[in-house]
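J.: I would like the atomic coordinates for the input below:
(2 chains)
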Amino acid sequence: MLEFRAVSARYGKLAALIEVSLSVPDGARVAIFGHNGAGKTTLLKCGVGAMPGIDGEVSCNGTRIVPGAVYRNTRLGIGFVPQGHNVFKNLGVERNLGIAGLLHDKRFVERVYELFPMLAERRAQLAGSLSGGQQQMLALGMALMTQPRILLLDEPATGLAPVIVENVLASLLRINETMKTAIVIVEQNVKATLPVVERALILKAGRLVWDGSSAELARKEDLWTWF
Amino acid sequence: MEYVYSVLVMIGIYTIMASSFNLIIGFGGLISIAHPIFFALSAYASALVNLHWGVPIPLAILLGTLFAAAMSVMLSLPSLRISGDYLLIASMGFQLGFVEVIKNVDFAGGAGGLTGIASIYSGPSRSPAFVVTTLTIAATVVSVVHWLTHGEYGRAIRAMRDDEECFASLGRNPMAIKITIFAVGSALAGLAGALYAHYFQFLSPEQFGITQSALILTMVVVGGMGSTWGPVVGALLLTALPQAITFLNLPPSVMAPLQGMLYTGLVLLFLFVRPAGLVAKRLGQ
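T.: Here you go, the predicted structure:
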């Protein structure tokens, strides 16, 4: 359970988040939507403590998330997949997974290979030579190596072909179902993401303006007025 | 013969310096120019605890080495907390500041230098014994740096350099790795310094200026940053080269600027023509 209590964050003078409160229960699937600059990425960063100097409080199962100490917060069971640069390009696939799992059970790598057979076939290949979709799968696999109870993903489908987007989203669903890992996903692609999640949040100019079931949001005809 | 021995000892000492600086700058990506000051701090510490408190030399060398590591944390902890760029600026202040401090501390010999430092070995076979000791330690240091940067820990260092944010989000602490690398590298510089002190038996604060930083950087860049053998080749070449020039019998007023130009010229030349250095680093796993 990840809880945000009246969290505000700013970049210099610019307020990026304004008093956002929400909680993500274990095993949930939540999407965060909003236009550019609405505060989606900032909200995720607050979740792992990657935003220094925030107001309000974030906690994971009762333990406070200390801003500024990402590596320590990750060990509480929060997996974070940053946008874009999220694999070590100069290392091979297996080495990447190894680094991710160094503090954890190394045998878990077999579970990751079961989930992503594509990675098993490319163990020795340099991560930088994988396609965008494959890199995204590897990034997911690396986050899983830390055996998180909640997975925060920042635009995992950006820049990928539609077929690959479906692939990535389907594997998220599989992770959620087989490992009971809660998923919080920030995405621009609302149409592709909505069927995968059960709850949707909409941020607008740093405020939480909608929090409800994804089915309800999908039915809303004035959906686009929110953006 | 004595001359050849002293050049061999210097090659050993510079191999330790270049190899450990390569660990910091080449592998760790930490830009600092303060490497010679850790050499100096340890050299003085080792000489002084032996001189004033009668600590046996091997123990004094160990204490000097540990002192260099501890002092490195004093520099790296506050500056790395802000950002990597601050390390360079802070290291300049650290280097220049401590040279001034040493100049003004009377029990360390002050500006005139520290004399009367005890030697590890004595007797007729003193110099050959020193050559063997220094070269053995240099070989060990090169192996330790290789081992540190090529195993599982080495991959973690590379991953941390590639992408710090990603590294932290996997539950790994980038700061811990940086401070460790900096401390190990500085300790090794300290080891070289302590050996130097007990071989040449004389220390002068003027030796540890920015020129030394430039020389060691030149060794690493010319030899090959981020490769195990690069700094060894660089140290060999740049210790031998200035010695070769001395045979030209140029007046000192020409010699000193000539050496300075040689170092800067070589760095520029290599950065343009062969940025990977003489020994290009091996890519791959």
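J.: Give me the helices and strands touching the longest helix along chain A, please.
T.: For chain A, the longest helix by residue count, based on DSSP state H, is helix A:162-179. Based on contacts counted as 3 or more Cβ pairs under 8 Å, 6 or more residues apart in numbering or on different chains; DSSP states H and E, the elements that helix A:162-179 packs against are strand A:29-33, helix A:108-115, helix A:132-145, strand A:150-154, strand A:182-186, helix A:190-193. Glycine gets a C-beta too; all of them are placed from N, C-alpha and C.
J.: could you check the angle helix A:108-115 makes with it?
T.: Computed by axes from the mean of the first three to the mean of the last three Cα atoms, to 10 degrees, the angle separating helix A:162-179 from helix A:108-115 equals 130 degrees.
J.: what's the residue in the stretch 1-150 of chain B that chain A sits nearest to in contact with, if anything?
T.: Using Cβ to the nearest Cβ, B:Arg81 is the residue of the stretch 1-150 of chain B that sits closest to chain A, at 9.8 Å. When contacts are counted by Cβ atoms under 8 Å, 6 or more residues apart in numbering or on different chains, B:Arg81 is found next to B:Met175.
J.: swap the cut-off to 10 Å and go again
T.: Under the criterion of Cβ atoms under 10 Å, 6 or more residues apart in numbering or on different chains, the contact partners of B:Arg81 comprise A:68, B:175, B:179.
J.: what's the distance between the residue nearest in space to the middle of chain A and A:Glu3?
T.: Centroid-nearest residue in chain A, with Cα atoms, centre = their mean: A:Leu153, separated by 1.5 Å. A:Leu153 sits 19 Å away from A:Glu3, going by Cβ to Cβ, to the nearest Å.
J.: What residues are bridge-paired with the nearest residue to A:Ala143 once chain neighbours are set aside?
T.: Of all residues beyond its chain neighbours, the one nearest A:Ala143 is A:Gly79 (3.8 Å), with distances taken as Cβ to Cβ, 6 or more residues apart in numbering or on different chains. According to DSSP bridges, A:Leu151 are recorded as the beta-bridge partners of A:Gly79.
J.: Isn't A:Gly79 up against A:Leu140?
T.: Yes. A:Gly79 sits in contact with A:Leu140 when judged by Cβ atoms under 10 Å, with a separation of 8.8 Å.
J.: More neighbours: the two, which one.
T.: More neighbours surround A:Gly79 than the other of A:Gly79 and A:Leu140, with 28 against 24 (other Cβ atoms under 10 Å in any protein chain shown).
J.: State the pLDDT value of that one.
T.: At A:Gly79 the predicted local confidence, pLDDT, stands at 91.
J.: Over to A:Trp224?
T.: The predicted local distance difference test score for A:Trp224 is 62.
J.: Quick one: residues contacting B:Leu191.
T.: B:13, B:16-17, B:20, B:38-39, B:42, B:46, B:61-62, B:64-66, B:68-69, B:137-138, B:140-141.
J.: Of those residues, keep whichever come out buried.
T.: The neighbour-count test (16 or more other Cβ atoms under 10 Å in any protein chain shown) marks B:13, B:16-17, B:20, B:38-39, B:42, B:46, B:61-62, B:64-66, B:68-69, B:137-138, B:141 as buried among these.
J.: ranges for the helices of chain B?
T.: All helices of chain B, identified by DSSP H, fall at B:2-21, B:35-53, B:57-82, B:84-103, B:126-150, B:152-162, B:164-169, B:174-200, B:210-223, B:230-246, B:252-273.
J.: isn't A:Gly37 right up against A:Leu17?
T.: No. Using Cβ under 10 Å as the test, A:Gly37 is too far from A:Leu17 to be in contact (11.3 Å).
J.: ok, so of the contacts of B:Arg81, who is nearest B:Leu87?
T.: Distance from B:Leu87 was checked for each of the contacts of B:Arg81 by Cβ to Cβ. The minimum falls on B:Ile179, at 10.7 Å.
J.: which residues sit in contact with the closest residue to that closest one other than its chain neighbours?
T.: In space, B:Ile179 comes closest to B:Ser76 once its chain neighbours are excluded; the distance is 5.2 Å by Cβ to Cβ, 6+ apart. When contacts are counted by Cβ under 10 Å, 6+ apart, B:Ser76 touches B:24, B:30, B:32, B:34, B:87, B:90-91, B:94, B:175, B:178-183, B:185-186.
J.: what residues does the stretch 1-150 of chain B put near chain A?
T.: On the criterion Cβ under 10 Å from any Cβ of the partner chain, chain A has as its neighbours in the stretch 1-150 of chain B the residues B:Arg81.
J.: Tell me where the stretch 1-150 of chain B is predicted with low confidence.
T.: Where the stretch 1-150 of chain B drops to pLDDT under 70, the residues are B:83-84.
J.: at 90 what do you get?
T.: B:1-3, B:29, B:51, B:78-87, B:105-127 (pLDDT under 90).
J.: A:Ile18 sits in which helix or strand?
T.: strand A:14-24 (DSSP states H and E).
J.: Buried residues of that strand, list them for me.
T.: For strand A:14-24, using 16+ other Cβ under 10 Å, the buried residues are A:15-18, A:20, A:22, A:24.
J.: does stretch A:19-31 come close to chain B?
T.: No. Against chain B, stretch A:19-31 shows no contacts by Cβ under 10 Å from any Cβ, the least distance being 17.4 Å.
J.: Centre of the chain to that stretch, how far?
T.: Distance of stretch A:19-31 from its chain centroid, counting by Cα atoms, centre = their mean, to the nearest Å, is 12 Å.
J.: cool, and stretch B:117-137?
T.: Stretch B:117-137 has its average C-alpha position 20 Å from the chain's average C-alpha position, going by Cα atoms, centre = their mean.
J.: Flag every buried residue along that stretch.
T.: Buried residues in stretch B:117-137, counted by 16+ other Cβ under 10 Å: B:117-118, B:120, B:127, B:130-131, B:133-135, B:137.
J.: try stretch B:222-242
T.: Residues of stretch B:222-242 classed as buried: B:222-239 (neighbour count, 16+ other Cβ under 10 Å).
J.: try stretch A:181-197
T.: A:181-187, A:189-190, A:193-194, A:196-197.
J.: Now the two most distant members of those.
T.: Taking every pair in those and measuring Cβ to Cβ, the maximum separation is 22.3 Å, between A:Thr181 and A:Val190.
J.: Tell me if stretch A:54-61 is near chain B.
T.: No. Residues of stretch A:54-61 contacting chain B under Cβ under 10 Å from any Cβ: none, with a closest distance of 13.3 Å.
J.: Show the average pLDDT along that stretch.
T.: Mean pLDDT, stretch A:54-61: 91.
J.: and if you look at stretch B:164-171?
T.: On average, the pLDDT along stretch B:164-171 is 86.
J.: could you dump that stretch to PDB, C-alpha only?
T.: Written as PDB, here are the backbone C-alpha positions of stretch B:164-171 (Å, rounded to 0.1, in the frame of the first residue of the first chain):
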ATOM      1  CA  GLU B 164      22.800   6.900 -11.900                       C
ATOM      2  CA  GLU B 165      19.100   7.400 -11.700                       C
ATOM      3  CA  CYS B 166      18.500   3.900 -13.100                       C
ATOM      4  CA  PHE B 167      21.100   2.500 -10.700                       C
ATOM      5  CA  ALA B 168      19.400   4.000  -7.700                       C
ATOM      6  CA  SER B 169      16.000   2.900  -8.700                       C
ATOM      7  CA  LEU B 170      17.300  -0.700  -8.600                       C
ATOM      8  CA  GLY B 171      18.000  -0.300  -4.900                       C
END
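J.: which ones are touching residue 209?
T.: Since no chain was named, I'll use chain A. By Cβ under 10 Å, 6+ apart, the contact set of A:Val209 is A:34, A:38, A:201-203, A:226.
J.: sorry, should have said chain B
T.: Per Cβ under 10 Å, 6+ apart, neighbours of B:Gly209: B:36-37, B:40, B:95-96, B:99.
J.: Could you give the number of residues near B:Phe202?
T.: When neighbours are counted by other Cβ under 10 Å, B:Phe202 registers 15.
J.: need the helix or strand of chain A with the lowest average pLDDT.
T.: Among the helical and strand segments of chain A, the one scoring lowest on mean pLDDT, DSSP states H and E is helix A:214-219, with a mean of 82.
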